[in-house]
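>>> mind looking at a prediction? Sequence and model below.
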Amino acid sequence: MSSTNNSNNLFSSKLGLILSVLGIAVGTGNIWRFPRIAAQNGGQEGAGAFLIAWICCLFLFSIPLIIAEYGIGRHGRKGIIGSFIKLVGRKYAWMGSFIGFVATAIMFYYSVVAGWCLYYLVESITSSLPTNVAQAEAVWYGFQGSYLPSVFHAAMMAIGGYIVVKGISSIERINKVLIPSLLLVVVISLIRAVTLEGSGQGLEYLFTPDWSMLSEPSLWLEALTQNAWDTGAAWGLILTYGAYMRTRDDITISAFQTGIGNNIVSLLAAMTIFATVFGTLGSSMANKEIIELMQTSGPASTGLTFMWMPQLFSKMAGGSIFAILFFLGLTFAAFSSLISMIELASRVFVDMGFHRRNATIGICITGFLLGMPSAISTDFLANQDFVWAVGLMVSGAFMSFAIIKFKPEKFRITIVNNKESKVQLGKWWSVIIKYVVPVEVISLLIWWIYLSITSYAPESWYNPLSAFSVATIAVQWGIGMALCYFYNDKITEKTIAADKG
């Protein structure tokens with residue numbers, strides 16, 4: 001393989017690695033998705049019980065899997081499929097393919113959401129903020145009814161592809177700018193939000209636990225899905241960046257920095273949004289009404305971020321500046337995550353012997369075309385978000401299976417705890433990967449199927465054309481798995497042959 005593929009370059013520093021992996025983890029999941037999920041899982045007293053479940057899932061699901069991803073990637077020095085082949089053999093390459101398939105399916109519509117963020121950034125700079133629901137809806141539906149979602153989707157794929165073509169050094173450089181800038185924006189926005197009169201009530205609601213909620217399995221399902229979504233655990237993205245990790249960088253420390261750093265950003269974003277919503281609406285609405293507004297999130301979960309936040313900014317002093325900052329932060333977060341998804345898919349083809357430039361251009365064109373249905377229809381996008389967000393649990397199960405097949409203790413001792421490790425990973429990790437993660441995934445999937453049949457879509461759970469049915473997931477996952485399994489040998493041969501060449 002020619003050196004122009006940039007496949008064997010490494011991150012130049014530990015800071016570059018952590019900022020780039022935070023670029024994966026910190027995305028719209030933290031700012032667009034997390035506050036809404038927290039509100040939807042709040043009880044009468046508050047949303048604190050959801051936060052407790054979400055933090056438990058960080059330590060019992062996300063961080064153990066992030067350790068696994070760093071280890072598999074650094075050990076394999078390949079993308080998701082090549083690293084799976086090296087760890088557990090060619091027979092199971094299809095599992096690595098499916099993990100990559102899920103992340104790439106998310107990329108198709110994630111790029112569309114990233115385009116929305118960029119549009120609203122431009123809109124907040126060039127236009128006055130909407131002052132009421134009618135104006136906010138006019139902006140949103142006017143945008144969605146035009147060709148602009150497709151244009152901004154194309155722009156995000158093109159800019160992301162331009163950076164990925166240049167390899168890991170380019171990705172590292174852009175994240176060294178994006179992530180510190182994003183953190184600065186989040187902190188400034190939070191400081192402004194908590195100075196609003198009434199903001200304290202929003203924070204009180206966010207952090208007060210309604211203890212009875214912890215007995216609800218649906219709360220744990222949402223907490224696990226959200227934590228997998230916003231940390232990037234089990235997507236294969238951290239594994240892909242792990243392939244560029246230096247041998248002397250400590251996997252255990254890096255995983256804890258990644259997971260905890262990501263969750264801190266999620267909490268800061270939620271505090272900003274809860275404080276802003278309560279601080280702005282508290283004088284005219286009761287707390288219960290405000291929570292209902294946050295829970296009822298509009299088409300494809302867009303209401304809070306894209307309809308209400310601009311209105312709320314219009315009501316506060318200096319709001320236009322904070323609207324620009326908010327959408328700048330959201331755009332940076334979305335873009336840094338999108339880059340990692342393009343890199344994951346491109347690296348798979350680079351490992352098969354394709355030139356990096358050709359692989360990336362091919363992925364970006366495919367990503368644009370297959371993302372178009374989501375750009376045209378928010379209903380289609382909502383379906384894709386539903387199908388592939390839950391698919392992350394299967395990715396987690398496959399990642400766990402690979403470690404179990406290799407032997408968790410062997411993985412811990414020979415791959416994670418190398419001679420240069422500053423912190424030795426304990427046996428607790430092997431127990432979580434071998435027993436806790438599989439039990440979490442299997443029990444939550446069974447519970448989710450039960451809920452779908454009895455609550456989410458009782459009338460249409462068997463209809464694959466129904467947007468939120470069990471059948472639509474079964475069909476789409478089935479197609480994905482069948483393709484990965486059917487082409488297993490072909491993909492494996494190409495990857496091994498390119499490595500030898």
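Nice, I can see it. Numbering: from 1, shown residues only.
>>> pLDDT below threshold where in the chain?
Filtered on pLDDT under 70, the chain yields the residue ranges 1-8, 297-303, 501.
>>> the same query, at a cut-off of 80, please.
1-8, 32, 133, 283, 293-304, 308, 312, 456-457, 500-501 (pLDDT under 80).
>>> strands of that one, start to end?
In the chain, no strands are defined using DSSP state E.
>>> what sits against Pro438?
Counting by C-beta atoms under 8 Å, 6 or more residues apart in numbering, Pro438 makes contact with Ala397, Ser400, Phe401, Ile404. (Each C-beta comes from the backbone N, C-alpha and C, glycine too.)
>>> tell me how far it lies from Ala333.
Remark: distance between Pro438 and Ala333 (C-beta to C-beta, to the nearest Å) = 31 Å.
>>> from Gly48, how far out is the residue lying closest to Ile52 once chain neighbours are set aside?
Excluding the flanking residues, the one nearest Ile52 by C-beta to C-beta, 6 or more residues apart in numbering is Pro209, at 6.2 Å. According to C-beta to C-beta, Pro209 and Gly48 sit 3 Å apart.
>>> of those two, which one has the most company?
Gly48 (21 against 18; other C-beta atoms under 10 Å).
>>> that one against Ser212, yeah?
No: counting by C-beta atoms under 8 Å, Gly48 does not reach Ser212; the two are 11.8 Å apart.
>>> how many other residues sit next to Tyr485?
14.
>>> can you tell me the closest non-neighbouring residue to Glu440?
Beyond its immediate neighbours in the sequence, the residue positioned closest to Glu440 (C-beta to C-beta, 6+ apart) is Phe61, lying 5.9 Å away.
>>> and the one you found, what does it touch?
Phe61 sits in contact with Leu224, Asn227, Ala228, Ala233, Gly396, Val436, Val437, Glu440, where contact means C-beta under 8 Å, 6+ apart.
>>> dump the residue contacts of the nearest residue to Ile273 once chain neighbours are set aside.
Once flanking residues are discounted, Ile273 sits nearest to Pro35: 4.2 Å by C-beta to C-beta, 6+ apart. By C-beta under 8 Å, 6+ apart, the contact list for Pro35 reads Ala269, Ala270, Ile273, Phe274, Met294, Leu304.
>>> also Ser199?
By C-beta under 8 Å, 6+ apart, Ser199 lies in contact with Ala193, Phe274, Ala275, Thr276, Phe278, Gly279.
>>> distance of it relative to Met316?
In terms of C-beta to C-beta, Ser199 sits 10 Å off from Met316.
>>> and what of Phe101?
44 Å.
>>> do Glu137 as well
21 Å.
>>> re earlier: for the residue nearest to Ile52, what are phi and psi?
For Pro209, the backbone dihedrals (degrees, to the nearest 10) come out as phi -80, psi 140.
>>> gap between Ile31 and Ile415?
34 Å.
>>> when the two are compared, which one has more neighbours?
Ile31 (31 against 21).
>>> which ones are touching the closest residue to Ser460 other than its chain neighbours?
Closest residue to Ser460 apart from its sequence neighbours, by C-beta to C-beta, 6+ apart: Ser466 at 3.7 Å. Ser466 makes contacts with Ala457, Ser460, Thr472, as judged by C-beta under 8 Å, 6+ apart.
>>> the same query, at a cut-off of 10 Å, please.
Asn383, Tyr456, Ala457, Glu459, Ser460, Thr472 (C-beta atoms under 10 Å, 6 or more residues apart in numbering).
>>> run a quick neighbour tally on the residue lying closest to Arg77 once chain neighbours are set aside.
In this structure, Arg77 finds its nearest non-sequential neighbour in Ala243, 5.2 Å apart by C-beta to C-beta, 6+ apart. The burial count assigned to Ala243 is 25, neighbours taken as other C-beta under 10 Å.
>>> phi and psi next, for Ala243.
Dihedral angles (degrees, to the nearest 10) for Ala243: phi -60, psi -20.
>>> go on, Glu45?
phi -80, psi -40.
>>> then Lys422?
Lys422 has phi and psi values of phi -80, psi -30 when expressed as degrees, to the nearest 10.
>>> what does Ser469 give?
phi -100, psi 160.
>>> dump the residue contacts of it.
383, 386, 452-453, 456-463, 475.
>>> quick one: buried ones out of these?
Asn383, Phe386, Ser452, Tyr456, Ala457, Ser460, Trp461 (16 or more other C-beta atoms under 10 Å).
>>> alright, calling it a day.
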